[in-house]
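Q: kindly return the folded structure for what I paste below:
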Amino acid sequence: MRDDDAAPATESESSSRGLTYAQSGVDIDAGDEVVDLIKPILRRTHGPRVIGRHGAFAGMFRLDWNEKLFKRNYREPVLVACTDGVGTKVLLAVERSTFHTVGIDCVAMNVNDLIVQGAEPLFFLDYLGLSRVKPKETASMIEGVARGCEIAGCALIGGECAEMPDIYKPGDFDIAGFAVGVVELDRAMDATRVRKGDVVIGLASSGIHSNGYSLVRRIVKDARLNLDERYEELAGSPVSWIETASVEGPDGPRSAPRLIDVLLEPTRIYAKPIVRLLKSYKRKKVISGMAHITGGGIPGNLCRALGEQFDAIVDRASWAVPPIFRFLQRHGGVAEEEMWRVFNMGIGYMLVVRPNFVDGVLRKLRKYGENAFVCGSVEKGSGQVRIV
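A: Purely as a prediction, here's the structure:
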């Protein structure tokens with residue numbers, strides 16, 4: 001009898017074959033399909049320092065490279081490593097079946113921490129926990145990670161996709177990342193560099209970034225906000241990942257993205273501009289300290305760059321707070337102090353700079369594409385940040 005004419009297996013015959021992994025909720029074939037789909041995505045992030053083949057048990061990366069074109073020889077190299085995730089922002093991505101943006105977020109949350117130490121990002125690994133591997137959706141998540149690595153200038157050399165239906169509800173997933181970089185020992189950032197009179201420079205954020213989303217989602221729920229609504233209050237909000245149509249406002253056509261578009265805007269990656277800035281000062285240490293503004297806001301993060309003898313005085317009038325923050329504050333009835341404690345309020349990264357070099361640093365950062373501005377100064381104190 002030909003196979004296509006075969007009688008269906010009886011219950012007893014099926015039982016005799018034994019329980020399969022697929023029946024328990026894990027599809028090995030789908031995982032193998034993802035591996036094939038992401039091969040060209042990973043290769044796009046690789047340079048000559050990545051060695052080994054796709055599908056190996058671990059990725060390999062050369063720290064030094066002697067060929068003249070790619071020379072990267074270090075005298076006293078210090079490896080810098082960090083790990084982070086995206087938090088409950090992934091729940092909005094799940095709700096809207098938008099998977100690539102959180103991959104960029106994942107890279108950003110790691111490499112933006114890494115460069116605070118003065119390090120250059122070298123390579124990245126990702127971890128995906130899933131209820132079920134759907135090859136195209138999973139590949140889209142990794143595509144976002146790869147895009148983040150391209151923006152950051154590092155290689156995506158490996159990762160893990162864990163299919164765990166007993167841990168995650170259908171459709172749910174989580175994403176985390178691990179970044180490794182390198183810095184010369186004598187160029188590593190140290191809070192003891194900070195001096196009275198140093199100037200604080202802020203770099204604009206792209207929006208909420210990846211912190212505070214439990215509060216964001218609570219505001220959306222309690223205020224019964226429509227994620228698909230184009231609220232006029234959000235006109236002009238940056239949305240880099242999707243095209244938005246203009247709508248008529250009282251003063252004519254205005255760019256008003258949907259609320260969900262603004263909430264899913266990926267975290268800005270500052271790696272290339274900061275690495276380039278640091279390399280432009282080969283001998284002089286003009287940067288006293290840096291801070292990635294994440295959970296805890298400006299008060300909870302800039303203080304980590306100061307040491308215990310100085311305060312940073314930040315002038316809140318020196319930049320315009322993006323509309324999304326005031327929108328959330330108004331609809332959620334959130335106190336002003338709480339807003340500054342939870343959100344970045346429009347500044348995603350801060351530098352403490354020697355006063356004689358402020359103009360040069362601003363000029364370079366703007367040339368590299370950053371919206372950079374003076375927003376404060378350093379005074380004698382006790383390691384606090386005062387927003388005035």
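
Q: for the closest residue in space to Ser140 that isn't next to it in sequence, what are its contacts?
A: Counting by CB to CB, 6 or more residues apart in numbering, Ser140 lies nearest to Phe99, which is 4.2 Å off, once chain neighbours are set aside. C-beta here means a position set from N, CA and C on the backbone, and glycine is covered the same way. Each residue near Phe99 by CB atoms under 8 Å, 6 or more residues apart in numbering is listed here: 93, 137-138, 140-141, 144.

Q: now, of those, which are buried?
A: Among those, those classed as buried by 16 or more other CB atoms under 10 Å are 93, 137-138, 140-141, 144.

Q: coming back round to it: state the pair within the contacts of Phe99 that is farthest apart.
A: Within the contacts of Phe99, Ala93 and Thr138 form the most distant pair, 12.9 Å apart (CB to CB).

Q: returning to that earlier point: so which of the buried ones among the contacts of Phe99 belong to helices?
A: Within the buried ones among the contacts of Phe99, residues falling in helices by DSSP state H are 93, 137-138, 140-141, 144.

Q: just those now: which is nearest Glu338?
A: Ala93 (25.1 Å).

Q: against Asp174, how distant is the closest residue to the closest one other than its chain neighbours?
A: Of all residues not flanking Ala93 in the chain, Val102 sits nearest, at 4.9 Å (CB to CB, 6+ apart). Distance, Val102 to Asp174, using CB to CB, to the nearest Å: 10 Å.

Q: from Gly144, how far out is the residue positioned nearest the centre of the chain?
A: Centroid-nearest residue in the chain, with CA atoms, centre = their mean: Ala108, separated by 2.3 Å. From Ala108 across to Gly144, the span is 11 Å (CB to CB).

Q: what do these two both touch?
A: Shared contacts of Ala108 and Gly144 (CB under 8 Å, 6+ apart): Pro266.

Q: list the contacts of Gln309.
A: For Gln309, the contacting residues are 380-383, by CB under 8 Å, 6+ apart.

Q: before we move on, what SS does Val216 have?
A: helix (DSSP: H, G, I helix; E, B strand; the rest coil).

Q: equivalent analysis for Gly103, please.
A: helix.

Q: how about the residue nearest to it when sequence neighbours are not counted, what does it touch?
A: Excluding its sequence neighbours, the residue lying closest to Gly103 (CB to CB, 6+ apart) is Gly144, at 2.3 Å. With contact taken as CB under 8 Å, 6+ apart, Gly144 is in contact with 99-106, 266.

Q: of those, buried ones?
A: Buried, going by 16+ other CB under 10 Å: 99-106, 266, out of the contacts of Gly144.

Q: returning to what we had before: and the buried ones among the contacts of Gln309, selectable in PyMOL?
A: To isolate the buried members of the contacts of Gln309 in PyMOL, using 16+ other CB under 10 Å:
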select buried, resi 381+383
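
Q: can you list the contacts of Gln309 in TSV and add secondary structure, pLDDT and distance to Val116?
A: Shown next, in TSV, are the contacts of Gln309 (DSSP: H, G, I helix; E, B strand; the rest coil; pLDDT from 0 to 100; distance: CB to CB, whole Å):
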residue	secondary structure	pLDDT	distance to Val116
Lys380	strand	95	23
Gly381	coil	92	21
Ser382	coil	93	21
Gly383	coil	91	16
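
Q: and the strands in the chain?
A: Taking DSSP state E to define them, one finds strands in the chain at 50-51, 60-61, 77-85, 120-130, 155-163, 173-184, 199-204, 246-249, 252-255, 287-292, 310-314, 347-353, 372-380, 385-387.

Q: lowest-confidence stretch among these?
A: Per-stretch mean pLDDT for these is lowest at strand 246-249 (a mean of 47).

Q: Ala81: neighbouring residues, count only.
A: By the measure other CB atoms under 10 Å, the count of residues near Ala81 is 14.
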